[in-house]
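>>> whatever this is, show me its structure:
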Amino acid sequence: MKKITFLLALLAISTASIAQKITDGTWYNDEKTARVKFYESGGKLYGKIVWLKEPNENGKPRTDVNNPKADLKSKPLLGLVFLKGFERDGDDEWEDGTIYDPKNGKTYSCTITEVSSSKLNVRGYIGISLIGRTSYFTRATND
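Now for the predicted structure:
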């Protein structure tokens, strides 16, 4: 019995060390037009754009043209921190953050749920999470 308990404990430890964290590697957005790198700062989770399928427009870096703040419209999309301030809630969810959508220049409340080691549900919403939209991020395998 002691051998079985020891083997189960060893298996649990090795499985935990194999599991990837959300901050490991990069993630594709739904459309696979961008890759996101998550990082932690001050105990909170953030995400920034680190790759764009089409990084340039008219020979120049794509910028945040839909931003409601005029001084930010010329800021490049590459490097943009658009997921901000998430706090961990349990083992597989991050909450109380925001997501900025550069397609329309709006910011929404957001939660991120780790469905598996290769899939995230990213839900942006206004007010309550029932009124919103879920995007699915997939782990990029060619990091």
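
>>> low-confidence regions, this protein specifically.
Within the chain, the segments meeting pLDDT under 70 span 1-19, 143.

>>> and the helices in it?
Ranges of helices in the chain, per DSSP state H, are 2-18.

>>> all strands for it, in order.
Per DSSP state E, the chain carries strands over the ranges 27-28, 34-41, 44-52, 56-57, 60-61, 81-88, 93-101, 106-116, 119-125, 132-139.

>>> how about those strands in JSON lines, adding distance to Lys21 and mean neighbour count?
C-beta: built from backbone N, CA, C; applies to glycine. JSON lines is the format used below for the strands of the chain (distance: least, Cβ to Cβ, whole Å; neighbours: other Cβ atoms under 10 Å):
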{"stretch": "strand 27-28", "distance to Lys21": "12", "mean neighbour count": "20"}
{"stretch": "strand 34-41", "distance to Lys21": "9", "mean neighbour count": "18"}
{"stretch": "strand 44-52", "distance to Lys21": "10", "mean neighbour count": "18"}
{"stretch": "strand 56-57", "distance to Lys21": "32", "mean neighbour count": "10"}
{"stretch": "strand 60-61", "distance to Lys21": "30", "mean neighbour count": "12"}
{"stretch": "strand 81-88", "distance to Lys21": "11", "mean neighbour count": "17"}
{"stretch": "strand 93-101", "distance to Lys21": "12", "mean neighbour count": "18"}
{"stretch": "strand 106-116", "distance to Lys21": "9", "mean neighbour count": "17"}
{"stretch": "strand 119-125", "distance to Lys21": "12", "mean neighbour count": "18"}
{"stretch": "strand 132-139", "distance to Lys21": "11", "mean neighbour count": "16"}
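
>>> dump those strands to CSV, plus distance to Asp71.
Below are these laid out as CSV (distance: least, Cβ to Cβ, whole Å):
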stretch, distance to Asp71
strand 27-28, 29
strand 34-41, 23
strand 44-52, 19
strand 56-57, 20
strand 60-61, 17
strand 81-88, 16
strand 93-101, 15
strand 106-116, 16
strand 119-125, 24
strand 132-139, 28
